[in-house]
Each structure stands twice: as C-alpha cells, then as structure tokens.
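Asker: The sequence isn't on hand, but the structure is:
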C-alpha cells in the first residue's frame, strides 16, 4: 500500500483521468449546435449521440469488474483510455454522421471501463483511511469535467473549428493515458478481497433499487448539462454564453457534493439529505424553462442538487460485503448506465416533438420523483432483509 502522500498524488491522477471521461462525454452537448449544423441532424440525433457514450455500460459494467480480477485494474484502465483516444480520433477524422456514432460508441466503451475501475482503485488505495473524502473528490471530477467542456470547447470551436475542439478532447484523454502508464502501479490486495461470493449471495433487488436512485438522479442532472445550452439558445443566447451559464450549475455542484456528504455523515440523516436535495432539484428543474437566463437559478440547481450524490453512493455499502461488492457494484452500475443511455434519447425525442428543449427539463423533474420512490422502496427492502 502506498504512503499517505503517495495515495493523495495517486488520487489526483485518478481525478484527472476521470475528468477526461466527463470532458469527452460532455463534448457533444457543448458542441451540439455546431454538430447539428455540420451533420444536418436534430435534437433527437444529438440525444442519441449523447446517450451512446454510456450505452456499453449496460452490457460491460458487470464483466469489467470480473475482468479486472483476471488482468488487473491498471491494465484495464490503460485499455479503457486507449479506447477513448481511438474513438475520439475516429470522430475527429469522420465526415459522416454514421461514423460519428461509431467513434462515440468506441470511446464510450473505454469510458465505461475506467469509470468502474477507477472507483475500485480508490477503494483499494484508501480502504479504511479517508475513504469518504477520497470518494467525494473522485465523484467531483464528473461535474468539473463537464463544466470545463462547457466553458472551453465552444470557445475553441469559435476561435478555430469544430475539428480542433474535438482534437482537444482526444488530447486530454491521451494525457490521462500517459499519467496512468508512468505513475500508477497495481495496488496490493488482501487475499480475502480476491474471493468473490457467488452471484446468488448478492442482494440483487437492493442493488437494482439503489442503482435506480443513482441512475434517475443522474437523469435529472443530465437534462441540465445536455439540454441547458439548447434551451438558452432558444431564448436568444449565443453558444458561448449559453454553455457558460449552464456550467454555473456544474461548478456549484462541485462545491456542494462534499458538503452533502459531510452533512449526511455528521447528522446520520442521509435519507433526509437525499430527499431534500432531490425534491428541491425537481422544483428548480420545473422552474428553469420559465427563467432560463437566471444566473441564480442555475447556481441554485447546483447547490441544491449537489447535496445528494454522497449519501446516494453510500447506499450499496449498507447491503454489500467485501465478497459481494464486485457483483453488487456491477449490478448497481448496470442500472445507472441503462438510465443514462435511455434518458437523453427519450428527452431529445420529446423535445423534438414539442419543438423546445424545455420538455427535457420537465422530463428530468419526473425522473427525480422516480428516484425518491426508488429510495423509499430500497429502505423497505433493506428493513426486510435485516429482519430476515
């Protein structure tokens, strides 16, 4: 196990690597108006391209956890980053919409792999020591990467070209690959951690419900950064202004996430933190189309919505043991990816039918209510399991 200072250096590298995944994921939404013009596509097509990045997770989240046991976490992360680079290059060089879809899918396979394995690596390096703090830092890489894409990519495209902006995405992933290759080594594991329990011992129903809470929460969040720029452009904003305003929600989210985790740990009322956060987030999403240019509203979305991720991500740990964690987290992430893939496609189609991206925000509010219902069902299942 590395020393304390080395662990934090390693965490900084893992943080950057996961940021490159978020940066690549958000690139399509940040550049969507330019892509719609170049490839003559609509919001439904953009929604498909956004969702396609996470779609491999439905099939490979669970197998990736098992493959890491065979080949090692470090090797699998390197493969994932190589696929992100290859898929990104494919999109840079592609001239047809169909080729964009292919490149996006390939990059998404890599992104899905590193998302799961980086979480595992942080657990290995910080087991029993500052694990909550380390996980909060890793989770924060997602909103920061998305916000960076919203701020940087439209400006790069305006100053240069869409191709140059897409090349910047590839460069970020390539830097992450070099950092992992040069500085990260396979963490040591206790022998017991290598013995996985049979899948039948995994609390599947509990993981389906907790994964649904996380997935539906992220559906609500995705509506902001995926369709926020389109909503603002409908109101007359320029692309750079629209993406910068939308990014305020993500910067606020990055500040709020560790606060939510601290409040949940300090008060012992994680469920209350989740409920207040999600219900407040749903109200703000409903109001957003009425005040789309409100700086305060976008900041409030990030602050209120950002309180929930920490306590939500702690839900699986209440039912999993070290022997069932691999299978359980595989199920958890599979549900998350299923929600994440379907939501942008559905929201994009609904927005096209209604002629406005405002529908996507209302769709997100409905998904958040679904997350609350899944949380209540999870707690009932957990109670029955404890009594059994």
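Answerer: Okay, I see it. Just so it is clear, the structure is predicted and the values come from calculations on it, not from any experiment. Residues are numbered from 1 along each chain as shown.

Asker: For the protein, which residues score under the pLDDT cut-off?
Answerer: The model of the chain has pLDDT under 70 over residues 1-5, 123, 127-132, 187-201, 292, 322-323, 325-326, 386-388.

Asker: Find the nearest non-adjacent residue to the residue nearest the centre of the chain, please.
Answerer: By C-alpha atoms, centre = their mean, the chain has its centre lying nearest to residue 142, at 5.7 Å. Residue nearest to residue 142 in three dimensions, not counting chain neighbours: residue 22, with 4.7 Å by C-beta to C-beta, 6 or more residues apart in numbering. Where C-beta positions appear, they are placed from N, C-alpha and C, glycine not excepted.

Asker: contacting residues around that neighbour?
Answerer: Applying C-beta atoms under 8 Å, 6 or more residues apart in numbering, one finds that residue 22 lies in contact with 141, 142, 143, 144, 145, 146, 149.

Asker: Please look at the third one and residue 254 and confirm they touch.
Answerer: Yes. Applying C-beta atoms under 8 Å, one finds residue 143 in contact with residue 254, separated by 4.7 Å.

Asker: any residues in contact with both of these two?
Answerer: Counting by C-beta under 8 Å, 6+ apart, the common neighbours of residue 143 and residue 254 are 302, 306.

Asker: Counting neighbours, go ahead and name the busier of these two.
Answerer: When neighbours are counted by other C-beta atoms under 10 Å, residue 143 and residue 254 differ, and residue 143 comes out ahead with 28 against 20.

Asker: Next, the buried residues of the helix or strand encompassing that one.
Answerer: Using DSSP states H and E, residue 143 sits in helix 131-159. For helix 131-159, a neighbour-count test (16 or more other C-beta atoms under 10 Å) marks 132, 134-154, 156-157 as buried.

Asker: now for the contacts of residue 22, which pair is the farthest apart?
Answerer: The span of the contacts of residue 22, defined through C-beta to C-beta, is set by 141 and 149 at 12.4 Å.

Asker: ok so, going back, now do the helix holding residue 143: distance to the chain's middle.
Answerer: Centroid separation for helix 131-159 versus its chain: 10 Å, with C-alpha atoms, centre = their mean, to the nearest Å.

Asker: go on, stretch 29-36?
Answerer: On the basis of C-alpha atoms, centre = their mean, stretch 29-36 sits 19 Å off its chain's mean C-alpha point.

Asker: What of stretch 161-174?
Answerer: Its chain's C-alpha centre and that of stretch 161-174 lie 20 Å apart, by C-alpha atoms, centre = their mean.

Asker: got the buried residues for that stretch?
Answerer: 162, 165, 166, 167, 168, 169, 170, 172, 173, 174.

Asker: Helix, strand or coil: sort out the fifth one for me.
Answerer: At residue 168, secondary structure determined by DSSP: H, G, I helix; E, B strand; the rest coil is helix.

Asker: Now do it against residue 107, distance only.
Answerer: With distances taken as C-beta to C-beta, to the nearest Å, residue 168 is found 14 Å from residue 107.

Asker: all helices in the stretch 251-388 of the chain, in order from the N-terminus.
Answerer: According to DSSP state H, counting those that start in this stretch, the stretch 251-388 of the chain carries its helices in the segments 270-287, 295-305, 309-313, 325-354, 358-387.

Asker: Out of those, which gets nearest to residue 319?
Answerer: Smallest distance to residue 319 across the helices of the stretch 251-388 of the chain (C-beta to C-beta): 6.3 Å, for helix 358-387.

Asker: and the angle for the closest one with helix 295-305?
Answerer: If you take axes from the mean of the first three to the mean of the last three C-alpha atoms, to 10 degrees, helix 358-387 sits at 20 degrees to helix 295-305.

Asker: and the gap between residue 7 and residue 125?
Answerer: Going from residue 7 to residue 125 by C-beta to C-beta gives 5 Å.

Asker: With residue 215 instead?
Answerer: 26 Å.

Asker: Tell me which of the two has more neighbours.
Answerer: The neighbour comparison of residue 215 against residue 125 (other C-beta under 10 Å) goes to residue 215, with 25 against 22.

Asker: can you tell me which residues contact that one?
Answerer: 335, 336, 337, 338, 339, 340.

Asker: I'd like to know how many residues surround residue 289.
Answerer: 17.

Asker: correct me, but it touches residue 363?
Answerer: No. The pair residue 289 / residue 363 is not scored as a contact, 11.4 Å apart, by C-beta under 8 Å.
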